[in-house]
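>>> Make a model of this:
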Amino acid sequence: MKSIHIYTKNSSARQEYIFRIFFDDQYTLHTDPDTYIQAPGYHIAYANEAPPGTQLHIIPEGLLCGSELRNTFLSPLPALWSETELPARTDIFALAFFIITRLEEYHSPHTDQHGRFLPQYSILAAHNMHIPWIDVWRSLLWDRILYQVPATVFNKPEFRVLPSFDIDHAYAFRGKGFLKNTGGLLRDLFLGKASAFASRLRYLSKGDDPYDTYSYIHTQLHIHKLRAVFFLLCGWRNPPYDTPVNLSSAAYQQLLPELRAMGEIGLHPSYASHNSIQALQQEYHLLQSNIPAAVSATRQHFLRIQWPDTYRRLLETGIRSDYTMGYASQTGFRAGTCRPFSWFDPEKNQETPLRVYPFSCMDGTLNEYLGLSPEEAIQRVHELRNITRRYNGVFVSLWHNHSLSNRGHWKGWRPVFEDMLRS
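Now for the predicted structure:
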């Protein structure tokens with residue numbers, strides 16, 4: 001028997017979606033006040049007036065009542081959000097819906113040169129983006145419910161670590177052929193690129209490719225008993241953004257079984273596919289034709305999302321999980337949660353089969369955007385992993401094979417990766 005009873009005057013797809021985010025399947029939605037009053041359990045009134053027996057009364061802000069699309073939250077918010085108290089006089093259901101659906105990013109003018117929403121303009125920016133606020137509110141609500149109705153079943157998933165990799169360049173030199181590498185060697189010499197020249201010469205003489213970090217990755221995953229998700233960029237060349245190693249090359253064909261042994265292979269849709277379902281589907285079918293397992297996961301190259309078109313195109317292509325939900329320039333919880341969730345299409349007003357896996361930190365964010373030292377990065381990782389554990393989430397990290405080369409500005413960063421794998 002479901003122990004949570006929610007009264008609303010008019011139910012909607014938006015309400016039912018966000019109530020599932022908070023209460024899983026442990027609630028019953030009532031539009032008749034009499035059946036609501038008579039039902040045994042914990043009572044929440046999501047209406048302007050609360051029927052007798054209500055234990056929590058939240059006045060609707062309006063966003064969940066219809067199909068309105070707006071990228072601002074209209075109700076005033078408390079100046080400070082707390083991890084121990086629910087925001088006073090705030091419709092946390094509408095606020096959570098606004099955050100998790102990323103409505104603030106729809107038609108926003110606050111984007112960078114790649115069309116990506118800038119995190120400093122998020123409603124979360126002023127309230128500590130390193131806290132998964134939706135999970136905080138969910139936990140606080142459940143504390144109230146379990147205190148008054150201890151028999152209620154609370155779904156408490158186990159914390160887990162899920163490393164992921166974007167394979168933008170499977171190799172620096174391997175798979176590109178002798179003539180191309182020789183030409184590159186001469187070009188590096190002519191342009192005075194001493195480091196690049198030395199690296200390419202070392203490959204031609206000893207076969208040492210700096211991006212070939214797969215044995216190291218395999219060893220670390222084995223030590224920590226983890227499996228990873230590898231997103232492969234395999235579209236056509238579109239410099240400077242899309243310069244993948246040819247998927248049909250002997251080098252890549254030898255690599256694919258190694259990656260499958262370490263985890264799941266997903267598609268890294270190219271920069272060029274951002275506005276083209278034809279390009280997306282061509283890349284999807286190319287990858288699918290090269291691996292025996294079904295391709296069902298993606299992460300967008302450069303983390304580009306165009307709302308709602310990107311996710312609709314993924315669904316149309318057959319993708320069922322996406323790992324793009326995070327920022328390039330900032331760590332934290334872009335969608336206000338550290339738990340996977342189903343994407344809700346607010347224009348169509350419906351929940352979809354696409355499962356979103358938010359990540360909270362990326363190698364390039366820590367090193368290149370924020371300029372942290374490896375020691376500072378490890379401290380940031382500790383903070384993010386600890387709060388993800390506190391709220392029983394999935395700690396998803398984003399790495400690239402080339403950032404584990406231990407060369408150039410990535411020298412000394414392997415300990416950061418190794419620390420991320422600890423549970």
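
>>> Spatially, which residue comes closest to the residue nearest the centre of the chain, not counting chain neighbours?
Closest residue to the average C-alpha location of the chain: P358 at 2.3 Å, with CA atoms, centre = their mean. Counting by CB to CB, 6 or more residues apart in numbering, M325 is the residue found nearest to P358 once chain neighbours are left out, at 4.0 Å. All C-beta spots, glycine's among them, are computed from the backbone N, C-alpha and C.

>>> Looks to me like that neighbour is in a helix.
No: per DSSP: H, G, I helix; E, B strand; the rest coil, M325 lies outside any helix segment and is coil.

>>> Quick check: which element contains the residue nearest to the centre of the chain?
For P358, there is no enclosing helix or strand under DSSP states H and E.

>>> So it sits against Y327, correct?
No: using CB atoms under 8 Å, P358 is not in contact with Y327; the gap is 10.3 Å.

>>> who touches both of these two?
Shared contacts of P358 and Y327, defined by CB atoms under 8 Å, 6 or more residues apart in numbering, comprise R334.

>>> Can you give the domain ranges for the chain?
4-148, 160-172+210-420, 175-208 (automatic domain parsing).

>>> which of those is buried the deepest?
domain 160-172+210-420 (a mean of 19; mean count of other CB atoms under 10 Å).

>>> Mind checking the pLDDT average for that one?
For domain 160-172+210-420, mean pLDDT is 96.

>>> Please enumerate the strands of this structure.
4-7, 27-30, 42-46, 56-58, 160-167, 228-232, 263-267, 297-298, 321-322, 341-345, 350-356, 361-362, 394-400 (DSSP state E).

>>> picking up where we left off before, would you list the domains of the chain in JSON lines and tack on distance to F154?
Converted to JSON lines, those look like this (distance: least, CB to CB, whole Å):
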{"stretch": "domain 4-148", "distance to F154": "5"}
{"stretch": "domain 160-172+210-420", "distance to F154": "10"}
{"stretch": "domain 175-208", "distance to F154": "50"}
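
>>> Can you give the contact residues for stretch 358-369?
Contacts of stretch 358-369 (CB under 8 Å, 6+ apart): 130, 164, 323, 325-335, 337-338, 340, 372, 377, 380-381, 384, 388, 395-400, 403, 409-410, 413, 416-417, 420.

>>> I'd like to know which of the strands of the chain is closest to S248.
strand 228-232 (12.5 Å; CB to CB).

>>> which secondary structure elements does that closest one contact?
On a contact count with 3 or more CB pairs under 8 Å, 6 or more residues apart in numbering; DSSP states H and E, strand 228-232 meets strand 160-167, helix 250-262, strand 263-267, strand 297-298.

>>> Now distance to L56 too, for the ones you listed, in a markdown table please.
Output for those, formatted as a markdown table (distance: least, CB to CB, whole Å):
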| stretch | distance to L56 |
| --- | --- |
| strand 160-167 | 31 |
| helix 250-262 | 46 |
| strand 263-267 | 40 |
| strand 297-298 | 37 |
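
>>> of all these, which lies closest to T213?
strand 160-167 (9.6 Å).

>>> Partner strands of the closest one and their direction?
Strand 160-167 sits in its sheet next to strand 228-232 (parallel), strand 394-400 (parallel), going by DSSP bridges.

>>> Which among the ones you listed is found nearest to A88?
So among those, strand 394-400 is nearest, using CB to CB, at 30.5 Å.

>>> What separation is there between D32 and I319?
Distance, D32 to I319, by CB to CB, to the nearest Å: 40 Å.

>>> and if you look at G263?
Distance from G263 to I319, by CB to CB: 17 Å.

>>> go on, N128?
32 Å.

>>> likewise R14?
24 Å.

>>> With N290 instead?
Distance from N290 to I319, by CB to CB: 17 Å.

>>> Please name the residues that touch P60.
T8, Y46, A47, N48, D91, F93, A94.

>>> cutoff 10 Å now
Applying CB atoms under 10 Å, 6 or more residues apart in numbering, we find P60 in contact with T8, K9, N10, Q15, Y46, A47, N48, S75, D91, F93, A94.

>>> Just these: which are in helices?
Q15, F93, A94 (DSSP state H).

>>> Which residues are in contact with A228?
Counting by CB under 10 Å, 6+ apart, A228 has contacts 161-165, 217-218, 220-221, 259, 262-264, 397, 399, 421.

>>> repeat that for 7 Å
P163, S164, F165, L221, M262, G263 (CB atoms under 7 Å, 6 or more residues apart in numbering).

>>> Same question for P163.
L226, A228, S397, W399, M420, L421 are the contacts of P163 under CB under 7 Å, 6+ apart.

>>> before we move on, what about F117?
Here F117 is in contact with E105, S108, H110, T111 (CB under 7 Å, 6+ apart).

>>> what's the closest of the residues you listed to W142?
Distances from W142 to the contacts of F117, taken by CB to CB, are shortest for E105, at 28.5 Å.

>>> what bridges to the nearest residue to that closest one once chain neighbours are set aside?
Using CB to CB, 6+ apart and skipping the chain neighbours, the partner closest in space to E105 is F117 (4.3 Å). Following DSSP bridges, F117 is listed with bridge partners T111.

>>> circling back to that earlier point, please identify which of the strands paired with strand 160-167 is closest to Q55.
strand 394-400 (31.1 Å).

>>> Work out the gap between the closest one and the centre of the chain.
Centroid separation for strand 394-400 versus its chain: 9 Å, with CA atoms, centre = their mean, to the nearest Å.

>>> repeat for stretch 8-17
26 Å.

>>> Outside of it itself, list whatever touches it.
By CB under 7 Å, 6+ apart, stretch 8-17 touches L29, T31, Y46, A47, L64, C65, F97, F344, N349, Q350, E351.

>>> any idea which of those residues is closest to A172?
Closest to A172, out of all of the contacts of stretch 8-17 and judged by CB to CB, is F344, at 41.0 Å.

>>> what's near enough to touch the closest one?
Neighbours of F344 in contact, by CB under 7 Å, 6+ apart: Y17, T101, E351, T352.
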